[in-house]
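*Asks:* what's the 3D shape of this:
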Amino acid sequence: MDEIIDVLRKSKSIVVLPHIQADGDALGSGLALALALSRINSNVMVYLEEDMPQMYSFLPGQEMVAVFPDSIEVPDTVVAIDTGDIERLGNRASLFKSVKFTINIDHHPTNTHFADFNYVCSNSSAAGEIIYQLINMMGLVLDADISTCLYVAIITDTGGFRFANTTYITHLVASDLLNNGINVTEISAKVFDSISIEKVKLIGAAISSLELLEDGRIAFITVTEKMMQETGARDEECEGIVNLGRNIHGVEIAVLFREKKEEVKVSLRSNSDIDVSIIAGSFAGGGHKKAAGCTIKGNLHDVKEKILVSIVDALKS
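*Replies:* Down below sits the predicted model:
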């Protein structure tokens, strides 16, 4: 971490890159880092692969965020946040490869250590926990804006402190963030209690696709392109739907299949000792023991068959 701090301090320009299809942890961590660094460096930007998800449009620091353009002036340093491998940077990987210093800050155990300077702590509940530590080590002040971003990062990756990755350190960090003036009621309402009519319709369609396999130990939920078109839901609104299967009594592994043009995005969740990051890893994906994902080329039927075989093998072992 000391080497990373040294690079950040001596860099004249810094770009922060959350992973593609950025979630609450990637966005919250990235914005918190950018806001903190902006106190000592006026040349800091956050570049996303896609538009900012609407549900996170309340996060402070939006003026520092842009969708990655065709070309930018090459900065001194690029920081990848919450990104397990360089492919998760999408089109921005070309920028990452072209700069003088590259930094990789993550908490995924499957991280490939793809940067010049890597800090990967799989014991952290979220990348937000690591950025909290980094900001404190740099001696930068945690204000309400930075704390709000970090709090969103942590509550989204821990499911509101309900998932197994939540530790006593997670709660200590959260308590310090509360002490810095964040509005927990307002943040929680925006993250967990606000939902569009399009997502309500999508959830209904997704529930109708539910398949319970292997005597109810496996739950498959499918979201097709047709469902997305008929409901008008945005891609970001698929987030959390896999939990509908995971929450069913007796289910050990839940899977969401998100059909796209020539590939299927697969999200896996485990309620048992089965490590779904191993299953995802066998298809060039990654993640955590309890939550992982991958993207597989092919049609929906074939992808579901491949995943089912892998899960059944894992259940037998």
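*Asks:* what stretches of this protein score poorly on pLDDT?
*Replies:* By pLDDT under 70, the chain has no low-scoring segment.
*Asks:* just the helices in it please.
*Replies:* For the chain, applying DSSP state H gives helices covering 2-10, 24-37, 93-98, 127-137, 144-157, 168-178, 184-192, 197-208, 225-231, 242-246, 276-281, 300-316.
*Asks:* out of the ones you listed, which one sits most buried?
*Replies:* helix 24-37 (a mean of 29; mean count of other CB atoms under 10 Å). To be clear about C-beta, it is placed using only N, CA and C from the backbone, and glycine gets the same treatment.
*Asks:* now that helix: how far from the chain's centre is it?
*Replies:* Here helix 24-37 is found 12 Å from its chain centre; the criterion is CA atoms, centre = their mean, to the nearest Å.
*Asks:* stretch 135-149 too?
*Replies:* For stretch 135-149, the distance to the chain centre is 20 Å (CA atoms, centre = their mean).
*Asks:* again, but for stretch 72-88
*Replies:* Stretch 72-88 sits 15 Å away from the centroid of its parent chain (CA atoms, centre = their mean).
*Asks:* show the end-to-end separation of that stretch, please.
*Replies:* 20 Å (CA to CA, to the nearest Å).
*Asks:* same check on stretch 220-231?
*Replies:* The first and final residues of stretch 220-231 sit 20 Å from each other (CA to CA).
*Asks:* mind listing residues that contact it?
*Replies:* Contact partners of stretch 220-231, identified using CB atoms under 8 Å, 6 or more residues apart in numbering, comprise 198-199, 201-202, 205-207, 209-211, 213, 233, 235, 238, 241-242, 244-245, 254-261, 300, 304, 308.
*Asks:* which residues are in contact with residue 98?
*Replies:* The neighbourhood of residue 98, defined by CB under 8 Å, 6+ apart, consists of residue 74.
*Asks:* and the gap between it and residue 164?
*Replies:* For residue 98, the distance to residue 164 equals 39 Å [CB to CB, to the nearest Å].
*Asks:* residue 26 contacts residue 127, correct?
*Replies:* Yes: using CB atoms under 8 Å, residue 26 is in contact with residue 127, at 6.9 Å.
*Asks:* residues that sit against both of these two, list them.
*Replies:* Common contacts of residue 26 and residue 127 (CB under 8 Å, 6+ apart): 81-82, 153.
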